[in-house]
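Enquirer: predicted model follows, preceded by the sequence.
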Amino acid sequence: MLFSNALIGLREGLEAVLVVSILVAFLVRTERRRALPLVWAGVGVAVALSVGLGAVLTYTAATLSFEAQEAFGGIASIIAVAFVTGMIFWMRRAGRTLAAQLRGQLDEALQLGPVAVATVAFLAVAREGLETAVFFFSSVQSAGGGTVLPLVGFLIGITISILLGWLLYAGAIKVNLSKFFTVTGVLLVFVAAGVFAYGVHDLQEASLLPGLHALAFDVSEYVPPNSWYGALLKGIFNFSPQTTVLEAVVWGGYVVIVLALFLRPHRGAARPVQTRTGDAK
Amino acid sequence: MTTNARTLLPALGAILLAAGCAGQPAGDAPGAITVDASDDACTLSATSAPAGTIRFDITNKGSQVTEFYLYGEGDRIISEVENIGPGLNRQLVAEVPQGGKYTTACKPGMRGDGIRGDFTVTGTAAAQGGAAAQAVTDYKRYVDEQADELKARTTQFIAAVKAGDVAQAKQLYAQARIPWERIEPVAESFGDLDPRMDGREADLEPGQQFTGFHRLEKDLWVTGPQPDTPAIADQLLADVDQLVAQTRTVELTPSGAANGAKELLDEVATGKVTGEEEIFSHTDLWDFKANVDGARQVVTALRPVLTEKDPKLVATLDEKFAAVDALLARYQVGDGYRLYTELTQEQVKELAAAVDALSEPLSKTAGVVAR
């Protein structure tokens, strides 16, 4: 009971913590600490919104229709992908600028506006926040009914995810900057691809997209979702052991296109920045 | 990016707003179908439900995280709830307007096809006739709420009785009966439950045991706790449980509900106004008020139907309900009411007259609804 609920906390927590910790590490490394409050504001708003809506759904006479929930999760995921993709290329460009010793022009180079910074943080947390909040409240309710184990397990899971996020952050602070950009950039590509596929899956479940039962592969025998490694894979890369064809196509397409663009040689003229969000689609 | 952010944020806000507005009354899920999900079983308290809003109350009694799905034809997901941790309880609300064959599934470990079962949805939500069907749904919700309330309050009352705390039990007695009196016509429809729970000593047939609320009333107010008082108390609580379970499955009709409202007023006229119901505790006015409130709830639920068919009747009912309320309010003492024995002959007459005046138009509602 403790373990299973801890895995849920870990998985849901990681999905948010991962992106936020990279965002924070990036802002700290590039001496943009003054943008940090925006990150925490985005996180705070998302948490408040999720917890508020979760409490309303749990304790009052309200429910969200299934389609609305899935559509919300799905659309928020896909918007999040657009933003994270923007961030990936923003980091790439910033890395190049820094490599060229143009620290003085950093602010000019970092064109990601404050609203966008807050939005990335917001989306990273809000995406799974509602589901997590509802889960949290139901475990609180069961704690009132006598079993604290689910609540304790859930909190342990969240704590571990925050710890992992912090370790990632601490590690990111140590590596040299150009390596940091490459490593976190590549990591983010896979994270975003997972979020993209997951969002597509939500929309398939909401019947907004077809092909829910056309599975590309099913490895749930080998990677059970309720195992610790299944939870980690899901938490970090949104890996689903039962992946639909559409999910696989979206995931593969995203990784191939974005990774190629991200890793293409730096030399030559700066590529047009405006096409970035277009690549995410 | 900045421009994107500015356009996207309001968009997300709109999604949230739309999501928020999709909220619908659910309460504590009265009438929900309970689902016991374990690692190797998926047990539903009912495998069929009328079309419309169907609620499932899922409890994960297994050791793995589970999910619960309701599928339509071709495994189309009607509704699902994910991430039900072991020991947790989650609710699923499904909108199913069309009758037919459906499938439920629990998925312990969140994988595979899950433990499946057939689920039948009867009728079509729209075909029942909008306003009347809605009235029944609204009233059914009220009945379910009151049944839950009855259980909660009786549990407290019984606890006090069994603890031997006579003073406390006396205080809780009339409170516990309020939800009962509000939905009495529904409760009475379950055969021998009503006489066992609410039988009066004077109405007993030879050889019948005196049990239920009024037996405890006598123990508390007249004789003091008896050797079998705890057993009687336990029986009452068990009967309440059974009653709550049976109200869940009861099928109501608009005219049936309207007839029930009339019965409630008859109850007032034959029992409460005469002081016979609570012969030991004299808390008749508590019951009186509860009966009237129960009847009013029927009218409230039926209001759209009645307004359409006979607006004048609705106006009369409002007026007569208000008159009874005003009269009752005079005898209110704190949360409760004056004891029946404290009323004068004149005051009793006055109450009886007000009830009769309300009873007359109320008796017409069933006919109007069926029209």
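Expert: It's in.
Enquirer: show me the strands in the stretch 101-250 of chain A, by range?
Expert: Remark: strands assigned in the stretch 101-250 of chain A by DSSP state E, counting those that start in this stretch are A:215-218, A:242-244.
Enquirer: what about residue 54, neighbour count?
Expert: By default, I'm working from chain A. For A:Gly54, the count of nearby residues is 20 (other C-beta atoms under 10 Å in any protein chain shown). From N, CA and C alone the C-beta is placed, and that goes for glycine too.
Enquirer: nope, chain B please
Expert: B:Ile54 has 23 neighbouring residues, counting by other C-beta under 10 Å.
Enquirer: over to B:Ile33?
Expert: Using other C-beta under 10 Å, B:Ile33 is surrounded by 20 other residues.
Enquirer: low pLDDT regions in the stretch 151-281 of chain A?
Expert: Where the stretch 151-281 of chain A drops to pLDDT under 70, the residues are A:266-281.
Enquirer: what does it have sitting close to chain B?
Expert: Residues of the stretch 151-281 of chain A lying close to chain B (C-beta under 8 Å from any C-beta of the partner chain) are A:153-154, A:205, A:207, A:212-213, A:220, A:224-226, A:241-242, A:277.
Enquirer: could you pick out the buried ones from the residues you listed?
Expert: With burial judged by 16 or more other C-beta atoms under 10 Å in any protein chain shown, the buried subset of these is A:153-154, A:205, A:207, A:212, A:220, A:224-226, A:241-242, A:277.
Enquirer: B:Asp57 and chain A, how far apart?
Expert: 11 Å (C-beta to the nearest C-beta, to the nearest Å).
Enquirer: didn't that residue look like it was pressed against B:Ile33?
Expert: Yes - B:Asp57 is in contact with B:Ile33 according to C-beta atoms under 8 Å; the separation is 7.0 Å.
Enquirer: which residues touch A:Ala80?
Expert: Residues near A:Ala80 by C-beta atoms under 8 Å, 6 or more residues apart in numbering or on different chains: A:19, A:120, A:123-124, A:127, A:192, A:195, A:199.
Enquirer: right, and the pair among these with maximum separation?
Expert: Farthest apart among those by C-beta to C-beta are A:Val120 and A:Gly199. That separation is 15.2 Å.
Enquirer: hmm, back to that, columns distance to A:Leu57 and neighbour count on top of the contacts of A:Ala80, output as TSV?
Expert: Shown next, in TSV, are the contacts of A:Ala80 (distance: C-beta to C-beta, whole Å; neighbours: other C-beta atoms under 10 Å in any protein chain shown):
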residue	distance to A:Leu57	neighbour count
A:Val19	25	26
A:Val120	26	27
A:Leu123	20	27
A:Ala124	21	29
A:Arg127	17	30
A:Ala192	28	27
A:Val195	23	27
A:Gly199	21	25
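Enquirer: and these, which is closest to chain B?
Expert: Nearest to chain B among those is A:Leu123, at 7.6 Å by C-beta to the nearest C-beta.
Enquirer: check the closest residue to that closest one other than its chain neighbours and give its pLDDT.
Expert: Nearest residue to A:Leu123 in three dimensions, chain neighbours excluded: A:Ala80, at 3.8 Å (C-beta to C-beta, 6 or more residues apart in numbering or on different chains). Turning to A:Ala80, the model gives it a pLDDT of 87.
Enquirer: and what of B:Ile77?
Expert: B:Ile77 is assigned a predicted lDDT (pLDDT) of 86.
Enquirer: residues in contact with it?
Expert: For B:Ile77, the contact set (C-beta under 8 Å, 6+ apart) comprises A:66, A:205, A:207, A:212, B:69-71.
Enquirer: any idea how far it lies from A:Glu205?
Expert: Per C-beta to C-beta, to the nearest Å, B:Ile77 is found 5 Å from A:Glu205.
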